[in-house]
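Chemist: structure for the following, please:
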Amino acid sequence: MQYADDTPQLYVAVKDSKTLPTLTDCVPSVHLWLATNGLSLNPDKTEAIILGTSARHRAGEPVTAVDIGAATVQTSHSVKSLGVTIYDMLSFNQHVDNLCKATHFHHRALRHIRRWISEDTAKSIACAVVAGRLDYCIAVLYGTSVTTVRKLQSSKLHRTCCNRVSSA
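Modeler: Numbers count the residues shown, from 1 in each chain. Below is the predicted model:
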């Protein structure tokens, strides 16, 4: 069991849907550990995801829910852990889409105050916002597709930040 962002996360290797009881067999131990440490499992905030390649997902029987004792949790195609969106087929396209949306949001917000600040200040703010977002957990994108990387590089704020750095 790992804790990330005050959220217990349980990882269990499941070969196929026939070995799914391996996960449900862990649930009583998890409940006991949580109770021993003054914590409880909230089924309403519990998420389940089955990770694997697209071939693995097609080959096996689809798992739509996981029994966690007192409740059944529906599986989802993506979960968020420490700000990183993890997709069930281990593609980070959705994470990159979320990053692009966030930088676009900040770009629009910056336009609202642009007339009251200098160009250098605006570029500094843009670079700080982009660099912080892009640098955070950048290692998860190692080995991702060229298309995904280009999507990040094409963001308006990224170009502004890169122009600022290259002209300095």
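Chemist: what sits against the nearest residue to residue 84 once chain neighbours are set aside?
Modeler: In space, and not counting its chain neighbours, residue 84 is closest to residue 137: 5.0 Å by Cβ to Cβ, 6 or more residues apart in numbering. (Each C-beta comes from the backbone N, C-alpha and C, glycine too.) Residue 137 is in contact with 82, 83, 84, counting by Cβ atoms under 8 Å, 6 or more residues apart in numbering.
Chemist: I figured the second one hits residue 136, correct?
Modeler: It refers to residue 83. Yes - with contact defined as Cβ atoms under 8 Å, residue 83 reaches residue 136; the gap is 6.6 Å.
Chemist: before we move on, which element is residue 144 in?
Modeler: Using DSSP states H and E, no element contains residue 144; it sits outside every helix and strand.
Chemist: what's the burial count for the spatially closest residue to it that is not a sequence neighbour?
Modeler: Of all residues not flanking residue 144 in the chain, residue 92 sits nearest, at 5.4 Å (Cβ to Cβ, 6+ apart). Other residues within reach of residue 92, judged by other Cβ atoms under 10 Å, total 21.
Chemist: next one: residue 95
Modeler: Residue 95 sits with 21 neighbouring residues when counted by other Cβ under 10 Å.
Chemist: residue contacts, the closest residue to it other than its chain neighbours?
Modeler: Distances taken as Cβ to Cβ, 6+ apart put residue 85 closest to residue 95, at 4.1 Å, once the chain neighbours are dropped. Going by Cβ under 8 Å, 6+ apart, residue 85 touches 78, 79, 92, 94, 95, 98.
Chemist: which residue is the nearest non-sequential neighbour of the last one?
Modeler: For residue 98, ignoring the flanking residues on the chain, the nearest one in space by Cβ to Cβ, 6+ apart is residue 85 at 5.4 Å.
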